[in-house]
Structures are given as structure tokens and as C-alpha cells.
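Chemist: have a look; sequence and predicted model below, questions after that.
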Amino acid sequence: MTDAITVGLSGRPIRVGLDVGGTKIDAVAVSPDGDILARLRRPTGWGEDAVVVSILDAVDALAFEGGFARSAVESVGVGIPGLVDADTGRVLHAVNLGVESLDLAGLAGRQLGIPVRVENDVKAAALGAAVLRGVDGSMAYLNLGTGVAAGIVVDGTIWRGARGTAGEVGHLSVDPNGRLCGCGQRGCIETFCGGGALARAWNRPGPLPVRDILDAADAGDERAAGLRADLFHGAAAAVRALVLSADVERVIIGGGLTSLGERLYAGIRGALQSGAEASPFMRSLHLDDRIELLPAGSPAAAFGAAVVGATTPSKEIVSHG
């Protein structure tokens, strides 16, 4: 008799990945071959109990959407904002979710009856981007969204650094006289290219403030043109910091601002090119050729969470199988 936990759509185990955000969960079911079998989005609850319930409900809804039994799910990985102890699965200070200290892996794992692993959402997205882009060596994932964060993957493993902050360039100050950042410093990279900081600086109503800024800049608005320059300058500074500090081969850009598409990509490339004009050393690095843009709506974060869920704490191998 075949064990039910190993039976998926193709008679093989299914891995679930959940990207838990402040308002929604992006969930995917992944085959051992790396194929996405089902994907859906659901609202995220507020508070520690509600977050756990939201995760359990998302797994059930994903099984229903994909046409498989929940017993076919072999592992669940969760990418979540905040400080995450990847070894224990405890989440700390996820303020956008109302979470102060939550044993997420333990609580969800006991309810589901299967292993649950938890990782910081940007680090999980870095793993997902590495798989989706077929990166074998070193890469950085730069998340441009409401805030700015990054993660580094080397040979299929998250590089955390001594205290887990390797690659986190959003709060690197590049202008001590710049705008005040939420972290208390001035002129952080996030104040230049974070969607939240740009929206506050623009201070005009609209569902997509950064897109409005680019549209207004294209129409000749001088203030918008200055904010557009800030966006490209800040993102280029993040790319330079990641390459110069870790010498990654590629910087893959993801996050909500990727909905700007070619305008964002061309703008960052242009800022990198202009910034290198006076420096033969910077020109030799060819930074403008080392960036890639994930397509808007990419499942990288949820896919990376599925990779996290299928690995052991000591081995984070990026693999399709």
C-alpha cells in the first residue's frame, strides 16, 4: 500500500510555498521537478493567531485549487517579513503582521502534521529567483517594493553573514544630508528608491504613486523628474553596493516596483552607466550588464519558500528536484 503523504498529482510528493505579506499570502504548490502545479492569493490575518490560521487556510485552499489532497503535501515553507530564526522557525518583530514573537514552524507544523520551515521573505525570494533564473554561482536579489531589502545566494545557499544581515543594503546611508529614514538615519538607499519613501515625498493621492511620478516626469513635471532621478540613483547605488561588497555575478531585481517594467530597468541601467563614466574601474565591472528584472507578478518569493520547506536546516540547496 502506498503511503498517502507521497501521493501528489503525479504520484510524487508536493511542496507548498507561502509568501506571507502584510495584506496577502501568495501560495504555490510545486512538484519535485520544479513545476508550479497551482497558485493562489489569499488575505493575511492580523495578529499571531490569525497569521497561523491564514497559513493553514492557504494550504487547504491551495490543495482544493490544485485538485490534490492535503495529505499529498510533503513539506511547507513560509517566507515572512521580520526577524526569522531559520533553525527554529520563530518569527520576531513582524510589525506589519502584528507579530512580536511567534513559534510559527512549531504551531503550523503540529496543525498540518508535516514539516514547516520558515525564512525571511526576501531571503526566500532570493532562493526562488536563483532557481527561476538558473543561477549556479553567486547572485544578489534586490527587492524594490514599499521598502528596499536584499539577499545573497552563493552556490544554492543563502549567505547570511555573521548576524544574518548580509546583503541588506536598504539602510546603507549614501547621503548624510538626505531625507530622514524610518531607521533613524538620513539618506539611506531606501529613502531614494523605496516605494513608501517616494510616495511620501510625492505626497499626492493615487493607487500607484511611483508610476504617477514617472508619468508626471515624462510629462515635464520638474519635481517628479527629481524623484524619478532619486529612484534610479538609489537602485543603482544598491546594485553597486551589492557587487562591490560581495562580487556577485548577477543582481536580480524583484518586488512591487517591477510593475514599472522597462522604464525601471532602463532607468537603473542608465544610472549605472552614467555613474561609471568617470571611473575606468567601475566601467570594468560592467554593472549595467549584470542586472536582471523579474517579470511583474513573478512567483519567486513563494517558489523560494517551497524550496526552503523542502530542505533541511543545514542544507539549503537550490534544486529543481
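Modeler: Good, I have the coordinates.
Chemist: next, the contact list for the nearest residue to Gly45 once chain neighbours are set aside, please.
Modeler: Excluding its sequence neighbours, the residue lying closest to Gly45 (CB to CB, 6 or more residues apart in numbering) is Ser54, at 4.3 Å. Glycine gets a C-beta too; all of them are placed from N, C-alpha and C. Going by CB atoms under 8 Å, 6 or more residues apart in numbering, Ser54 touches 20, 25, 42-45.
Chemist: now with 7 Å, please.
Modeler: If you count contacts by CB atoms under 7 Å, 6 or more residues apart in numbering, Ser54 has them with 25, 42, 44-45.
Chemist: one more: Glu48?
Modeler: 99, 102.
Chemist: how about a cut-off of 8 Å?
Modeler: 98-100, 102.
Chemist: any idea how far Gln273 is from Val239?
Modeler: 12 Å (CB to CB, to the nearest Å).
Chemist: brain fart, Val169
Modeler: Val169 is 9 Å from Val239, by CB to CB.
Chemist: before we move on, what about Asp49?
Modeler: Using CB to CB, Asp49 is found at 40 Å from Val239.
Chemist: the more surrounded of those two?
Modeler: When neighbours are counted by other CB atoms under 10 Å, Val239 comes out ahead of the other of Asp49 and Val239, with 26 against 12.
Chemist: these two touch, right, that one and Asp289?
Modeler: No. Taking contacts as CB atoms under 8 Å, Val239 lies outside contact range of Asp289: 11.3 Å.
Chemist: tell me who's in contact with Leu231.
Modeler: Counted by CB under 8 Å, 6+ apart, Leu231 has contacts 192-193, 198, 210, 213, 264, 267.
Chemist: so it, which of the three states?
Modeler: Assigned with DSSP: H, G, I helix; E, B strand; the rest coil, Leu231 falls in the helix class.
Chemist: same thing with Asp19?
Modeler: strand.
Chemist: identify the residue spatially nearest to the spatially most central residue of the chain, adjacent ones excluded.
Modeler: Central residue of the chain (CA atoms, centre = their mean): Val122, 3.5 Å from the mean position. Once flanking residues are discounted, Val122 sits nearest to Ala149: 4.4 Å by CB to CB, 6+ apart.
Chemist: so when I look at the one you found, I'm seeing a strand, right?
Modeler: Yes. Under three-state DSSP, Ala149 sits within a strand.
Chemist: my read is that it contacts Asn143, right?
Modeler: Yes. In this structure, Ala149 is within contact of Asn143 by CB under 8 Å, at 4.9 Å.
Chemist: between those two, what contacts are shared?
Modeler: The contact lists of Ala149 and Asn143 share Val122, where a contact means CB under 8 Å, 6+ apart.
Chemist: quick revisit: filter the contacts of Glu48 down to the ones in helices?
Modeler: Counting by DSSP state H, no part of these is found in helices.
Chemist: what subset of these is buried?
Modeler: Neighbour-count burial (16 or more other CB atoms under 10 Å) is assigned, among these, to 98-99, 102.
Chemist: how about the helices in the stretch 151-300 of the chain?
Modeler: 189-193, 195-202, 209-218, 222-246, 262-275, 280-285, 300-309 (DSSP state H, counting those that start in this stretch).
Chemist: could I get those as TSV with mean pLDDT and distance to Leu132?
Modeler: Formatted as TSV, the helices of the stretch 151-300 of the chain follow (pLDDT from 0 to 100; distance: least, CB to CB, whole Å):
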stretch	mean pLDDT	distance to Leu132
helix 189-193	97	23
helix 195-202	97	22
helix 209-218	98	24
helix 222-246	97	19
helix 262-275	98	17
helix 280-285	97	25
helix 300-309	97	6
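Chemist: from those helices, which stretch is densest packed?
Modeler: Most buried of the helices of the stretch 151-300 of the chain by mean neighbour count (mean count of other CB atoms under 10 Å) is helix 300-309; its value is a mean of 30.
Chemist: how near is the closest residue in space to Gly147 that isn't next to it in sequence to Ala125?
Modeler: Leaving aside its chain neighbours, Gly147 sits nearest to Gly194 (4.9 Å; criterion: CB to CB, 6+ apart). Distance of Gly194 to Ala125, given as CB to CB: 16 Å.
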